[in-house]
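[1] Got a predicted model here, sequence first, then my questions.
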Amino acid sequence: MPNTHFPKLLSSQIAFDIARTILDGFDKHYHLFRISSQQAKQFFETGDWKAAQIAARERIQFYDTRVRECVRTLEDDYDENDLTDEVWREVKLHYMGLLIDHLRPELAETFFNTVCTKLLNRNYFHNDFIFVRPATSTEYIERDDTPPTYRVYYPATDGLNYTIKRIVTNFQLNTPFEDLDRDVAVVEARLREHFGREKLEPNHQIQVLANLFYRNKSAYIIGKGINGNREYPFVIPLMHKRKNELVLDTILFDVMQITVLFSFTRAYFMVDMEVPSAYVQFIRSILPKKPRSEIYTMIGLQKHGKNLFYRDFLHHLKYSSDRIEAAPGIRGLVMLVFALPSFPYVFKLIKDSFPPPKETTRALIKEKYLLVKNHDRVGRMADTLEYSDVAFPRSRFSEELLEEIRQYAPSMLEVNDEEVVIKHLYIERRMTPLNIWLTEAEQRGDMQAMEQGVLEYGNAIKDLVSANIFPGDMLYKNFGVTRHGRVVFYDYDEIEYITDCTFRKIPLPRNEEDEMSAEPWYPIAKNDVFPEQFGTFLLGNQKVKEFFMKHHADLLTAEYWQGRKLRIVEGKVDDVFPYPQDVRFINKELAQQK
């Protein structure tokens, strides 16, 4: 039966003009997005890491800026009385027509949704008015006039060594290599070792995405080998060995290591894409278990990733029946955290008030979460998805959880017979809290796992320090263990920049009265930090203390923190390796050649 809500004939000029205005707003956004992504190549070539960091942060803000511009234009140009339901239905239909032959229709649909949800109330949030379901396919939308998404090479014809060299040089980087022939020889040896004795078919080919992926101080070649009916993903990181000289740092084959490269704890890649969906399709071919939502997010299209995530969540709700409950772990003073056991994410909402010793506000906490969104997360801070007016089925909430929300965050809650609406929340990948993980390891008598957890905890803090982040509250409950065994920080209400902190030694007592005093005998400013005191609340468990002092005793000294702060102030940017050190060429084959 046809949908009688839609007009048989599109007749509203206003509707067409609104659709055109929204699409123009999106096209402007993506044009600027591409320019910023293209600049990453120049920053990499010149080693201008500070400029690269600024560009990455600014690019995250582009989307919201264009949305605000578009909303403001529509509010200024049209009288609300002219915008009837019929007009809004036609707006969507006209927009669908404008997306015929568009190279980025899925992103344009998400932009349309964002603009319309700023102008319409929740009663309009269904498929008559916005794209609850996608309306345009992204399959095979490349045109004859668009450059290919990936290049294809044939080692059987050209030889493997020559093919690898062509792959690298085709990116036309304007920076010389320290010794490209040496690096290519090592890559060739690794590839032959990976293929082993497998016979290479005559049609054996290597496919490589046409543009480099830039992040931190590295660029990444992403590709796959195809031999008969088998595919072999690989990633080759490029780095500056010294000023104005490049090296191939390693080649990654392990799918788990490549997955970590696209982890939710990493900064978004800078990559220029004519047809983003084609890039996503290629990456999905080498990481088939990675959701499209996460891939879109990691290539800098986080708003569409967020849209896809929410569609996946609605689908999961429809095909599951478990109830939403409080997340396991120690209750926080700032956030309420709940979860759907069958869904690998947690939902976090800010409480209305905070008991002592917390001295903060809702606005300040949101500011901290935005800082993390815009900052380089160096694999140690969980990315969050921020949503407003999220509707859950009422039947999935327990009365106990609803009562807890009513008690601590009543301003964030709306409840009726059918729905529970949370006015503002963050969604974050679920992890095992480190305090629980350490306790369970000790109960099992697994000292190796316990030591690894403490080692990873200290490594996480040191990586955060390199990125100019001081966690503030360093308790184990604020860190989580991912399914890959990495320790990640996820509680952001007390984070500060390292450069805003003053790391001090505790002064020696002047006399016996100072020594016996329950209160500090020395002045303490707001951002003063005394690393000697960390052990008081971190090292109560004897086994944890033993492992901590073995690997990270330097974290308890003011000198360590002062030295790291000085490096940051001097403008030094540390390398960040999203793969194990022991797979790097410089630690193996290249070292042997010297």
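    Done, it's in.

[2] Give me the spatial nearest neighbour of residue 312, chain neighbours excluded.
    residue 293 (6.2 Å; Cβ to Cβ, 6 or more residues apart in numbering). Quick note: C-beta positions are derived from backbone N, CA and C, even for glycine.

[3] repeat for residue 52
    Taking Cβ to Cβ, 6+ apart as the measure, residue 52 lies nearest to residue 43, with 3.9 Å between them; neighbours along the chain are not counted.

[4] Please apply the same query to residue 473.
    Computed as Cβ to Cβ, 6+ apart, the closest residue to residue 473 that is not its neighbour in sequence is residue 494, at 4.6 Å.

[5] Can you tell me the element that neighbour falls in?
    Here residue 494 sits in a region with no helix or strand, counting by DSSP states H and E.

[6] That one touches residue 471, doesn't it?
    Yes. Look at residue 494 against residue 471 with Cβ atoms under 8 Å: they come within range, at 7.3 Å.

[7] And these two? Which one has more around it.
    In this view residue 494 and residue 471 are compared by other Cβ atoms under 10 Å, and residue 471 has more residues nearby, 20 against 17.

[8] Quick one: residues contacting that one.
    Residue 471 makes contact with 461, 464, 478, 489, 494, 495 under the criterion Cβ atoms under 8 Å, 6 or more residues apart in numbering.

[9] host element of the first one?
    What that stands for is residue 461. Residue 461 belongs to helix 447-466 when assigned by DSSP H and E.

[10] and after that helix, which helix or strand comes next?
    Taking DSSP H and E as the definition, the helix or strand that follows helix 447-466 towards the C-terminus is strand 469-470.

[11] That following strand - contacts with which helices or strands?
    Where contact means 3 or more Cβ pairs under 8 Å, 6 or more residues apart in numbering; DSSP states H and E, strand 469-470 is packed against strand 496-497.

[12] Show the backbone phi and psi for residue 21.
    Backbone dihedrals for residue 21, given as degrees, to the nearest 10, come out at phi -60, psi -40.

[13] my read: it touches residue 71, true?
    No. With contact defined as Cβ under 8 Å, residue 21 does not reach residue 71; the gap is 10.2 Å.

[14] Strands along the stretch 201-350 of the chain, start to end?
    For the stretch 201-350 of the chain, the strands defined by DSSP state E, counting those that start in this stretch cover 205-209, 213-215, 218-227, 230-242, 245-248, 325-326, 335-339, 345-350.

[15] and those strands as CSV, adding mean neighbour count and distance to residue 410?
    CSV is the format used below for the strands of the stretch 201-350 of the chain (neighbours: other Cβ atoms under 10 Å; distance: least, Cβ to Cβ, whole Å):
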stretch, mean neighbour count, distance to residue 410
strand 205-209, 21, 49
strand 213-215, 24, 41
strand 218-227, 21, 47
strand 230-242, 18, 48
strand 245-248, 20, 57
strand 325-326, 15, 17
strand 335-339, 21, 11
strand 345-350, 21, 11
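
[16] if we compare those, which one ends up closest to residue 483?
    The closest approach between residue 483 and any of the strands of the stretch 201-350 of the chain, judged by Cβ to Cβ, belongs to strand 345-350 at 12.8 Å.

[17] I'd like the distance from that closest one to the chain centre, please.
    Relative to the centre of its chain, strand 345-350 is centred 16 Å away, using Cα atoms, centre = their mean, to the nearest Å.

[18] who does the helix or strand following it touch, helix- and strand-wise?
    Downstream of strand 345-350, the next assigned helix or strand under DSSP H and E is helix 362-374. Using 3+ Cβ pairs under 8 Å, 6+ apart as the contact test, the elements touching helix 362-374 are helix 49-77, strand 345-350, strand 384-393.

[19] Export helix 362-374 to PDB, keeping only CA atoms.
    The C-alpha atoms that make up helix 362-374 are tabulated as PDB, following Å, rounded to 0.1, in the frame of the first residue of the first chain:
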ATOM      1  CA  ARG A 362      28.000  20.100  34.200                       C
ATOM      2  CA  ALA A 363      29.400  22.700  31.700                       C
ATOM      3  CA  LEU A 364      32.900  22.100  32.900                       C
ATOM      4  CA  ILE A 365      32.500  18.300  32.600                       C
ATOM      5  CA  LYS A 366      31.200  18.600  29.000                       C
ATOM      6  CA  GLU A 367      34.100  20.900  28.300                       C
ATOM      7  CA  LYS A 368      36.500  18.100  29.400                       C
ATOM      8  CA  TYR A 369      34.800  15.500  27.200                       C
ATOM      9  CA  LEU A 370      35.100  17.900  24.300                       C
ATOM     10  CA  LEU A 371      38.800  18.300  25.000                       C
ATOM     11  CA  VAL A 372      39.300  14.600  24.700                       C
ATOM     12  CA  LYS A 373      37.200  14.500  21.500                       C
ATOM     13  CA  ASN A 374      39.500  17.100  20.000                       C
END
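
[20] any idea how this structure splits into domains?
    Domain assignment of the chain by automatic domain parsing yields the ranges 13-124, 150-302, 320-430, 434-556.

[21] Let me have the ones you listed in a markdown table, adding mean pLDDT and distance to residue 141 as columns.
    Formatted as a markdown table, the entries for these read as follows, by pLDDT from 0 to 100; distance: least, Cβ to Cβ, whole Å:
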| stretch | mean pLDDT | distance to residue 141 |
| --- | --- | --- |
| domain 13-124 | 94 | 6 |
| domain 150-302 | 92 | 6 |
| domain 320-430 | 91 | 26 |
| domain 434-556 | 92 | 34 |
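
[22] a markdown table for the ones you listed, including distance to residue 584?
    What follows is the domains of the chain, written out as a markdown table (distance: least, Cβ to Cβ, whole Å):
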| stretch | distance to residue 584 |
| --- | --- |
| domain 13-124 | 18 |
| domain 150-302 | 5 |
| domain 320-430 | 16 |
| domain 434-556 | 17 |
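
[23] List the contacts of the residue nearest to residue 270 when sequence neighbours are not counted.
    Nearest residue to residue 270 in three dimensions, chain neighbours excluded: residue 40, at 3.6 Å (Cβ to Cβ, 6+ apart). With Cβ under 8 Å, 6+ apart as the criterion, the residues that contact residue 40 are 52, 55, 56, 214, 270, 271, 272.

[24] Which member of those is positioned nearest residue 357?
    Relative to residue 357, the closest of the contacts of residue 40 is residue 56; by Cβ to Cβ it sits at 34.7 Å.

[25] how many neighbours does the closest one have?
    A count of neighbours around residue 56, defined by other Cβ under 10 Å, yields 24.

[26] circling back to that earlier point, make CSV out of the contacts of residue 40 and add distance to residue 570.
    As requested, the contacts of residue 40 are arranged in CSV below (distance: Cβ to Cβ, whole Å):
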residue, distance to residue 570
52, 18
55, 21
56, 21
214, 24
270, 25
271, 30
272, 32
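
[27] what's residue 187 in contact with, if anything?
    By Cβ under 8 Å, 6+ apart, the residues touching residue 187 are 164, 236, 248, 251.

[28] In CSV, list the C-alpha atoms belonging to stretch 427-443.
    Extracted in CSV, the C-alpha atoms of stretch 427-443 (Å, rounded to 0.1, in the frame of the first residue of the first chain):
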residue,chain,number,x,y,z
ILE,A,427,28.1,6.4,24.8
GLU,A,428,31.5,4.7,25.3
ARG,A,429,33.0,1.3,24.5
ARG,A,430,32.5,-1.1,27.4
MET,A,431,35.8,-2.2,29.1
THR,A,432,36.6,-4.1,32.2
PRO,A,433,37.5,-1.6,35.0
LEU,A,434,41.1,-2.1,35.8
ASN,A,435,40.5,-2.4,39.6
ILE,A,436,38.1,-5.4,38.9
TRP,A,437,40.6,-6.8,36.4
LEU,A,438,43.5,-6.7,38.9
THR,A,439,41.3,-8.2,41.7
GLU,A,440,40.2,-11.1,39.5
ALA,A,441,43.7,-11.8,38.3
GLU,A,442,44.9,-11.9,42.0
GLN,A,443,42.0,-14.2,42.9
